[in-house]
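>>> Fold the following.
(one chain, ligands or ions: 1)
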Amino acid sequence: MSTQPEANLNLRRQLPPLGQDVRAPKTAALIARSLRRLIFRGELREGDALPSENDLREQFNVSRPTLREALRILESEGLVVVRRGLHGGAYVQVPTVEAAARQIGSLLQYRGTTLLDFYEARAILEAPAAGLAARRRSKADLERLRGLVAYGRSRGANLEVMDAHHDFHMAVVELSGSQTLIVLSAMIAVIEREANASFATANLEEDQRQRLWRRGQRAHDEVIRLIAERDAEGATQHWRTHLIASADVLRRAVPETSVLELLV
Ligand SMILES: [Zn+2]
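Residues are numbered from 1 along each chain as shown. Next up, the predicted model:
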């Protein structure tokens, strides 16, 4: 216990002296935070120009390099684009699922994530959404789900229908009402669409695809029934089984050690 203050003291001695170069980034980070809040609160919207450099410098009472550092922070987060030229300046960009998916996709690839790992996580994440949907659904929600299944059925088993299949899955997640689950699942859907995972579906033999499609249709009918009955437990269990079964078929179409690869 007595060595603790000593350790802190040693640490402090190793720090560089507090000069302009240490303070400037901190000030820049604070300015970035103020501007970020305005964007998150919707006071600055997509495409809005930020006030001019002079106005911002005056408002925050900072030097030009500090303000530019703040804008670079927001630019690196994709919240601001800085344009040069006549109508130059900093403009607001709102965060998108696609941009986040690109970042997460890069991270997954960098870590050598396998398709198996990816499918597993999807099943873990999506299954409880069906349970939440069963608790929260309205009559109109049920109609929406039934409409999506009917649309899929009318198109038969082809690759286009795989998109209809994905739309149904996304709709179930949306009915969960959980923004966190919706964003995470939407990101996973973007990654799956842009990754070699989609090739797994394309690589299936015709009879495998037909079987997968028929099984999918039955599973979707059943989840609607459970959601309609507000059977949260049953819907979660059923959805997990369906997701794992679908992943199993896809996994057989690609080698177990296949690494997730984004193709765009
Ligand atoms: Zn499905």
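
>>> Let me see the ranges of the helices in the chain.
3-14, 20-40, 53-60, 64-76, 97-110, 115-136, 139-155, 159-175, 179-194, 197-202, 206-228, 232-253 (DSSP state H).

>>> can you list those in JSON lines and add mean pLDDT?
Output for the helices of the chain, formatted as JSON lines (pLDDT from 0 to 100):
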{"stretch": "helix 3-14", "mean pLDDT": "51"}
{"stretch": "helix 20-40", "mean pLDDT": "82"}
{"stretch": "helix 53-60", "mean pLDDT": "92"}
{"stretch": "helix 64-76", "mean pLDDT": "94"}
{"stretch": "helix 97-110", "mean pLDDT": "90"}
{"stretch": "helix 115-136", "mean pLDDT": "91"}
{"stretch": "helix 139-155", "mean pLDDT": "91"}
{"stretch": "helix 159-175", "mean pLDDT": "83"}
{"stretch": "helix 179-194", "mean pLDDT": "90"}
{"stretch": "helix 197-202", "mean pLDDT": "62"}
{"stretch": "helix 206-228", "mean pLDDT": "89"}
{"stretch": "helix 232-253", "mean pLDDT": "87"}
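
>>> Throw the ones you listed into a markdown table and include distance to Gly88 and mean neighbour count, thanks.
The C-beta positions use only the backbone N, C-alpha and C, and glycine is treated the same way. Below are the helices of the chain laid out as a markdown table (distance: least, Cβ to Cβ, whole Å; neighbours: other Cβ atoms under 10 Å):
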| stretch | distance to Gly88 | mean neighbour count |
| --- | --- | --- |
| helix 3-14 | 42 | 8 |
| helix 20-40 | 17 | 15 |
| helix 53-60 | 10 | 14 |
| helix 64-76 | 12 | 18 |
| helix 97-110 | 22 | 15 |
| helix 115-136 | 41 | 20 |
| helix 139-155 | 45 | 14 |
| helix 159-175 | 39 | 19 |
| helix 179-194 | 31 | 18 |
| helix 197-202 | 40 | 18 |
| helix 206-228 | 51 | 17 |
| helix 232-253 | 48 | 18 |
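
>>> between the ones you listed, which gets nearest to Gly47?
The closest of these to Gly47 is helix 20-40. By Cβ to Cβ, the value is 11.7 Å.

>>> got a list of contacts for stretch 77-84?
Contact with stretch 77-84 is made by 35-36, 39, 50, 71, 74-75, 88-95, 99, as judged by Cβ atoms under 8 Å, 6 or more residues apart in numbering.
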